Structures are given as structure tokens and as C-alpha cells.
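1. Predicted coordinates and the sequence they were generated for:
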Amino acid sequence: MPELVFFSGTMDCGKSTLALQIGHNRSARGLQGVIFTRDDRAGEGKLSSRLGLVTEAVEAGEGMDLYAYLVAQLSQGGRADYVIVDEAQFLAPDQIDQLARIVDDLDMDVFAFGITTDFRTKLFPGSQRLIELADRIEQLQVEALCWCGARATHNARTVGGEMVVEGEQVVVGDVNRPAEEIGYEVLCRRHHRRRMTSGSAQAGALSPDVLPVNHA
């Protein structure tokens with residue numbers, strides 16, 4: 001039976017890489033898929049991974065009816081055996097409903113990949129709807145790590161190297177950006193609660209307020 005599967009995880013845990021791999025494996029078996037994405041780091045209409053892999057995709061813009069798009073493609077003689085959706089957290093809840101309809105009415109597997117919570121630890125509306133509707137939810141096995149070495153469970157937004165907890169929910173950025181830019185870092189819950197990024201931890205370790213230890 002076709003399924004709506006939600007692959008979830010933090011940033012930097014290989015979601016886009018797995019999406020590309022699933023597409024490659026099915027293509028190698030003669031299947032054809034449609035890839036949707038939204039606000040990918042590589043630009044509009046791209047699905048890219050941090051490993052440097054990239055492929056063309058359909059930009060699922062605001063207000064786009066994904067179900068109607070598939071029906072139009074099929075009506076014009078196109079072929080689609082499955083659907084891949086990357087950055088699914090950015091989709092509107094009604095677009096997630098359309099993905100479920102693709103599974104139920106068009107008998108296609110839909111593989112959706114996305115972050116569950118934002119930099120404020122709040123659910124993205126698209127991710128929330130996927131949790132509510134998905135036939136199966138898969139936590140990615142490649143664990144992203146906090147700077148302390150613990151499993152990273154939260155996404156932090158940084159501005160000028162400092163963690164922020166206010167602002168618009170969707171601001172496109174990436175990990176490992178220069179400190180002066182808007183960037184993101186994955187943290188364990190403890191250090192997200194303490195707003196302690198790798199940069200602030202290093203600054204604290206080198207702080208002149210730390211008293212030197214003198215040996216007699």
C-alpha cells in the first residue's frame with residue numbers, strides 16, 4: 001500500500017542526502033518521480049545536500065496545489081510513480097493535506113523530509129500536519145551532534161554569532177555560516193536552553209574573568 005512517510009530530524013542530519021538517495025534508487029529501477037522542494041539552500045527549484053549533491057526540483061511555492069500539479073502532469077501524458085518532498089516543514093498545512101490525497105487518490109508513495117521544530121523549539125505548521133497525517137514517521141539514524149558531543153535535538157538560530165530566540169519563523173540560512181551572518185547550529189536541549197553555542201562556549205573558556213591557577 002502506498003504511504004505518506006515523514007523523515008524528520010534536526011538540521012545537518014542528512015535529510016536531503018537521503019531524499020536524493022531514495023530518488024536515485026528508484027530511478028535505477030526504472031521508476032520516475034516528482035521532486036518538490038521549498039527554499040532550498042541552493043536556490044529555487046533545487047534539491048541539494050551538504051555533501052555537494054544537487055538535482056532539479058519543482059519549487060512548491062506558497063499557494064501551489066501539489067495534488068493539482070500531479071493530476072495535470074498525468075493528464076498531459078506525464079508519468080509519476082512516487083513523490084519526494086524536501087524542506088517539507090515550510091509547506092502550509094493544506095499542502096500537506098494535498099500530499100496525503102496524492103497517496104490515497106493517486107496511489108503513490110510520498111516521502112517527505114523536514115525539520116520538526118524551529119529555532120524557538122516550536123513545531124513548524126507543515127511538520128505538525130505531517131505528524132498528524134503520516135502513515136509512518138521515521139527519525140533519521142544519522143545523529144547530528146552538539147558542540148559538546150551529545151546528540152543534537154534542537155536547531156538554534158544565530159545572528160552575529162549569538163543565539164536568538166525571536167524573529168520570523170522562516171529565515172533561510174545554513175549551518176557553518178560566517179559569524180556575522182544569520183546562521184544555524186544544532187544543539188542538545190541543555191545547551192539550547194542555556195543559549196550556549198559553540199562560539200559562546202569557546203568565548204567563555206577563554207574569558208579573562210577566569211582566574212589563573214598559580215603553582216607555588
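-> That came through, no problem.

2. Mind jotting down where the helices sit in the protein?
-> Taking DSSP state H, the helices of the chain run over residues 15-28, 66-75, 93-106, 125-133, 189-193, 198-205.

3. Output the below-cut-off pLDDT ranges for the protein.
-> Filtered on pLDDT under 70, the chain yields the residue ranges 42, 50, 141, 170, 172-180, 204-216.

4. And the strands in the protein?
-> 4-8, 33-37, 46-48, 54-56, 58-59, 82-85, 109-114, 136-139, 154-159, 162-164, 182-187 (DSSP state E).

5. Please convert those to CSV, extending it with mean neighbour count.
-> (Glycine included, C-beta is placed from N, CA and C.) Shown next, in CSV, are the strands of the chain (neighbours: other CB atoms under 10 Å):
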stretch, mean neighbour count
strand 4-8, 23
strand 33-37, 23
strand 46-48, 20
strand 54-56, 14
strand 58-59, 16
strand 82-85, 25
strand 109-114, 25
strand 136-139, 12
strand 154-159, 21
strand 162-164, 15
strand 182-187, 22
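
6. Compile those into CSV and extend it with columns for distance to residue 70.
-> Putting those into CSV (distance: least, CB to CB, whole Å) gives the following:
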stretch, distance to residue 70
strand 4-8, 14
strand 33-37, 7
strand 46-48, 17
strand 54-56, 17
strand 58-59, 10
strand 82-85, 7
strand 109-114, 10
strand 136-139, 21
strand 154-159, 30
strand 162-164, 38
strand 182-187, 32
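
7. Out of those, which gets nearest to residue 74?
-> strand 33-37 (10.0 Å; CB to CB).

8. The closest one versus helix 66-75: what angle between them?
-> Relative orientation of strand 33-37 versus helix 66-75 (axes from the mean of the first three to the mean of the last three CA atoms, to 10 degrees): 150 degrees.

9. just to revisit the earlier point, wait, which of the strands of the chain is closest to residue 73?
-> Closest among those, using CB to CB: strand 33-37, at 7.0 Å.

10. Please put the alpha-carbon coordinates of that closest one into PDB.
-> Provided in PDB are the C-alpha atoms of strand 33-37 (Å, rounded to 0.1, in the frame of the first residue of the first chain):
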ATOM      1  CA  GLY A  33       9.400  10.600  -9.500                       C
ATOM      2  CA  VAL A  34       8.400  14.200  -9.000                       C
ATOM      3  CA  ILE A  35      10.600  16.100  -6.500                       C
ATOM      4  CA  PHE A  36       9.100  19.100  -4.700                       C
ATOM      5  CA  THR A  37      11.200  21.500  -2.500                       C
END
